[in-house]
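Peer 1: could you look at this predicted model? Sequence included:
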Amino acid sequence: MSKIAIFGGSFDPVHRSHIQLVKFVLELSCNFKKVIFVIAYTSPHKSKQYANVDDRIAMLKIATEGLPRTEISLYEVLKKKVIYSYQTLDYFQSLYPGDEIYMIIGSDSLLELHTWKNIDYLASRYKFVVVKRPYIKIKKDVKYLDRCIIVQNETENISSTEIRQMIKEDSKKFELFLDKKVYNYIVKRRLYK
């Protein structure tokens, strides 16, 4: 039985920390067969997307080019509506019935799992790979911790929200948080202005 990790998000824009955490997951000793990036059409936890879905797909393809054992899924995008995590994981379990499906989340999301739709169902069927975010402490009594693999490496403190704000303010600093080709794509397409 192989392990497959699902990494969902808006990727608006995809940044270095997203790629860094996937590399951490692929380096784990439990040996994931692959990581599947799942682009949200509309995230249930966010009020809106800023770049259109075609631009978000293009940026993710650029950022993952040459990244081994990864692929991009348009499952949620093609539904053109809010899809909840339990639905996405059920879909991938139906595609890979003999494999174990995990969901990659940040330690900040671990603390908010109790707010997710059908979380008890999701946590009873699937496990989580939790990547530590800076300044987020994982307490031993947090619910669903027994369903988690904790990645000991900590990602850089990068936020898509902060990147969009820098672009809006015309700060050139946002280049530091992105793959060079993603940066060039954003500049060329005048995204987030």
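Peer 2: Thanks, I have it.
Peer 1: so how far is Leu122 from the residue lying closest to Pro44 once chain neighbours are set aside?
Peer 2: Sequence neighbours aside, Val82 is the residue nearest to Pro44 in space, at 5.0 Å (criterion: Cβ to Cβ, 6 or more residues apart in numbering). (Glycine included, C-beta is placed from N, CA and C.) Counting by Cβ to Cβ, to the nearest Å, the gap between Val82 and Leu122 amounts to 15 Å.
Peer 1: which of those two has more neighbours?
Peer 2: With other Cβ atoms under 10 Å as the criterion, Val82 and Leu122 differ in neighbour count, and Leu122 comes out ahead with 22 against 14.
Peer 1: a helix runs through the more buried one, doesn't it?
Peer 2: Yes. The assignment for Leu122 by DSSP: H, G, I helix; E, B strand; the rest coil puts it in a helix.
Peer 1: contacts only, for it.
Peer 2: Going by Cβ atoms under 8 Å, 6 or more residues apart in numbering, Leu122 touches 85-86, 89, 103, 116.
Peer 1: so which of those residues belong to helices?
Peer 2: Mapping these onto helices (DSSP state H) picks out 85-86, 89.
Peer 1: mind putting the residues you listed into a markdown table with pLDDT?
Peer 2: Conversion of the ones in helices among the contacts of Leu122 to a markdown table gives the following (pLDDT from 0 to 100):
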| residue | pLDDT |
| --- | --- |
| Ser85 | 96 |
| Tyr86 | 97 |
| Leu89 | 98 |
